[in-house]
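Q: Predicted structure and sequence below. I'll ask about it afterward.
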Amino acid sequence: MEENQNQNNSDFMKETIKQRPLNRRKLVRRTLITAAMAVIFGMVACFTFLLLEPVISNRLYPEEEPDTVVFPEETVEDEILPEDMIADESQMQPEVTEAPALEDEQIAQVLSEMKLGTEDYISLINGLSGVAKEVQNSIVSVVGVTSDVGWLDNEYENEGVVSGVVAADNGKELLILANISSIRGADSLKVAFADDLEYDASIKKKDNNTGYAIIAIQKSIMKETTVSMAKPVNLGSSASSSLVGVPVIALGRPMGTEDSVCYGNITSMGNSIRLPDSSYKFLTTDIYGSTAASGVLINLRGQVIGMIDMSYNTDDIKNIISAIGISELKKVVERLSNDKEIAYFGVYGTDVSKEANEELEVPFGAYITEVDMDAPAMNAGIQSGDVIVRIEDTEILGYQGMVEALLQLNPEQTVTVGLMRQGPDGYTEMEVNVELSLKEE
C-alpha cells in the first residue's frame, strides 16, 4: 500500500518540458535586420576608411611634392665657330677611323673653303661628333601603341614613333618634350632611351596649339643607370638675330630613322609660325632630311635651339630640316612641365611699328589682325584692328608681351582686357571681360 503511494507521488513529481514552437517569420525578420545592419556597418567602415586613409597616410608618410620646373632667363652668347673647335696637338685624338668617309674632291673643297689642314679637319669632325654624342643620351623615342583588329578579326598592335628630348626632372618624374601630333590616337605610350631600355609613360600636359606635350615617366620605375644617363638637356636661345649661317647638328630622327645625325647651318630665321595667341620663330637649315623628321637642333655648345617640326614647310622645301625656335617655346614647356594648362584667347596679331604710331597714330600694343571663330576673344567682342594695351594690371606694349601675359593665366579664368578701337574721331579706349578657355584639338 505504501509502495503504491510512493509510486503515485513519483509520478506526480515528473515534469514534461515541451519545446517552444518556432516562429519562422520572427526568425527571418531578425536575420534580415542583422544582415542589413552588417551591410550598413561595412559600408560606413569602408567609406570612413576611404575618406580617412589618405589623410592618415599623408600625416604618417607625407608624399613629397614634385619640384617646380623653372628655366633660367636667356643670355645670348656668341656662337662657337667651327674653327674654334679645332684641338691643339695635345688634344688631338690618335684614332681617326670614326671620321665620315668623304670623296677626295669633297674633302679638297671643304679644306679649300675652310683653309684648314687635314689634321685640323679630322679634329673638327671629331669635335662635332663629341658634341652630338653627349646630347644623344638625352634623346628618346616616344612610341605610340595602338591596338586594332585586322580584316581577319586578328588583333595586332600598330606603333608610331617620334623623337623627343629629356627637358626636365622634377624629382619624381623625368619629363620628355615631344610633338605627339602624329601619334595622338595611341592607346598607350612608351619611351625608349639610349640604353635600349623602354618604360611606360603618360601625357602630363599638352599644348593643343602646337601639338607639343610633356610626357612623364615615374622615376620610381626606372633603373638608376637610365636616370643618371638621360640628363635634361640645356635649352639654349633662338632669339639671337645672328643665327643665320651658324653651324647646327640635327639629332633624333632627322632622316626618318632612329639615332640619325646630320650637320649643317641655319639658312633663315626671318619667318614666323602663325598660330593663335603665340609667335614662334621658324628656323630653316641646309640639311636635307625626311618629311617625317623629328628631334632637335643643337648648336656647337650642345644647347637645344629648336625642335624639329616639318609641318610648317612649304612644298618647295618639304625635305629641308626646319624647327620651331626654342626661345618662344620655352615658357610653354615650363608651364606644361608644372602640370598647368595653356589658356586659349584666340587672336592673331603683330607689333605696332614706330612708323604706324607716328604717321597713323596707332597706339602701341598688340595689333589684332584676326580673331578665331567662336574664340573667347570673339565672344567678348574683340575685333581685327583692335589694339590690346592691357590685360588685367599688365601693360601690353607689343604682341609678344600679350603672349607672355596670357601664359600666366588659366583656362576658365575671366580677365579684363583693355583695348583701343578706331572710330570716326580716332582711337577710343574700351574694356571687355574675356572668359578664357582650353583650345580643342
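A: Thanks, I have the structure now.

Q: Go ahead and flag the most central residue of the chain.
A: What sits nearest the mean C-alpha location of the chain, by Cα atoms, centre = their mean, is residue 214, with 2.1 Å.

Q: residues touching that one, list them.
A: 167, 175, 176, 177, 203, 204, 205, 206, 333, 336, 337 (Cβ atoms under 8 Å, 6 or more residues apart in numbering). Yep, even glycine has a C-beta here, placed from its N, CA and C like the rest.

Q: residues near residue 267, how many?
A: Neighbourhood size, residue 267 [other Cβ atoms under 10 Å]: 16.

Q: And for the one 5 residues further on?
A: Neighbours of residue 272 under the rule other Cβ under 10 Å: 16.

Q: Report the buried residues of the top strand by length along the chain.
A: For the chain, the longest strand by residue count, based on DSSP state E, is strand 155-169. Of all the residues in strand 155-169, those buried under the rule 16 or more other Cβ atoms under 10 Å are 160, 161, 162, 163, 164, 165, 166, 167, 168, 169.

Q: try stretch 307-321
A: 307, 308, 309, 310, 312, 313, 320, 321.

Q: So which of those residues is the closest to residue 367?
A: residue 312 (22.6 Å; Cβ to Cβ).

Q: How about the closest one, nearest residue that isn't a chain neighbour?
A: residue 273 (5.5 Å; Cβ to Cβ, 6 or more residues apart in numbering).

Q: swap in residue 175?
A: residue 168 (4.4 Å).

Q: quick revisit: what are the C-alpha coordinates of the helix or strand following the longest strand of the chain, in PDB please?
A: Using DSSP states H and E, the helix or strand that directly follows strand 155-169 along the chain is strand 173-179. Taking C-alpha atoms only, strand 173-179 is exported to PDB below (Å, rounded to 0.1, in the frame of the first residue of the first chain):
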ATOM      1  CA  GLU A 173      59.300  62.300 -62.800                       C
ATOM      2  CA  LEU A 174      61.500  62.500 -65.900                       C
ATOM      3  CA  LEU A 175      59.800  65.000 -68.300                       C
ATOM      4  CA  ILE A 176      60.000  64.500 -72.000                       C
ATOM      5  CA  LEU A 177      59.300  67.100 -74.600                       C
ATOM      6  CA  ALA A 178      57.900  65.900 -77.900                       C
ATOM      7  CA  ASN A 179      55.500  66.700 -80.700                       C
END
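
Q: Taking strand 155-169 as reference, get the angle to strand 173-179.
A: Here strand 173-179 runs at 110 degrees with respect to strand 155-169, directions being taken by axes from the mean of the first three to the mean of the last three Cα atoms, to 10 degrees.

Q: who does strand 173-179 touch, helix- and strand-wise?
A: On a contact count with 3 or more Cβ pairs under 8 Å, 6 or more residues apart in numbering; DSSP states H and E, strand 173-179 meets strand 139-149, strand 155-169, strand 198-206, strand 212-218, strand 303-309.

Q: Which helix or strand lies directly C-terminal to the fourth one?
A: Read it as strand 212-218. Strand 212-218 is succeeded, C-terminally, by helix 224-229 (DSSP H and E).

Q: Going by neighbour count, list what's buried in that following helix.
A: Within helix 224-229, the residues that count as buried by 16+ other Cβ under 10 Å are residue 226.

Q: Average pLDDT for that helix, rounded please.
A: Average pLDDT, helix 224-229: 94.

Q: what comes into contact with that helix?
A: Applying Cβ under 8 Å, 6+ apart, the set of residues contacting helix 224-229 is 137, 174, 193, 194, 195, 197, 199, 219.

Q: so where's the stretch 101-250 of the chain uncertain?
A: In the predicted model of the stretch 101-250 of the chain, residues 101-118, 120-121, 148-158 satisfy pLDDT under 70.

Q: on that earlier part again, ok, of the contacts of helix 224-229, which one's closest to residue 343?
A: Closest to residue 343 out of the contacts of helix 224-229 is residue 174 (26.5 Å), distances taken as Cβ to Cβ.

Q: Show me what that closest one bridges to in the sheet.
A: residue 169, residue 217 (DSSP bridges).

Q: looking at it, it is touching residue 215, isn't it?
A: No: with contact defined as Cβ atoms under 8 Å, residue 174 does not reach residue 215; the gap is 9.1 Å.

Q: mind checking how far the helix or strand where residue 126 lies is from the chain centre?
A: Assigned by DSSP H and E, residue 126 belongs to helix 118-136. Its chain's C-alpha centre and that of helix 118-136 lie 31 Å apart, by Cα atoms, centre = their mean, to the nearest Å.

Q: Go through stretch 263-283 and flag the buried ones.
A: Buried residues in stretch 263-283 (16+ other Cβ under 10 Å): 263-264, 266-267, 269, 272-273, 276-283.

Q: Strands - which of these land there?
A: The subset of the buried residues of stretch 263-283 that ends up in strands is 263, 264, 266, 267, 272, 273, 278, 279, 280, 281, 282, 283, with DSSP E as the criterion.

Q: now, the most widely separated pair of those residues?
A: Pairwise over these, using Cβ to Cβ, the maximum falls at 263 and 278, 30.0 Å.

Q: For stretch 247-261, buried residues please.
A: Residues of stretch 247-261 classed as buried: 247, 248, 249, 250, 251, 252, 253, 254, 255, 260, 261 (neighbour count, 16+ other Cβ under 10 Å).

Q: and which of these is nearest residue 239?
A: Among the buried residues of stretch 247-261, and counting by Cβ to Cβ, the member closest to residue 239 is residue 248, at 15.3 Å.
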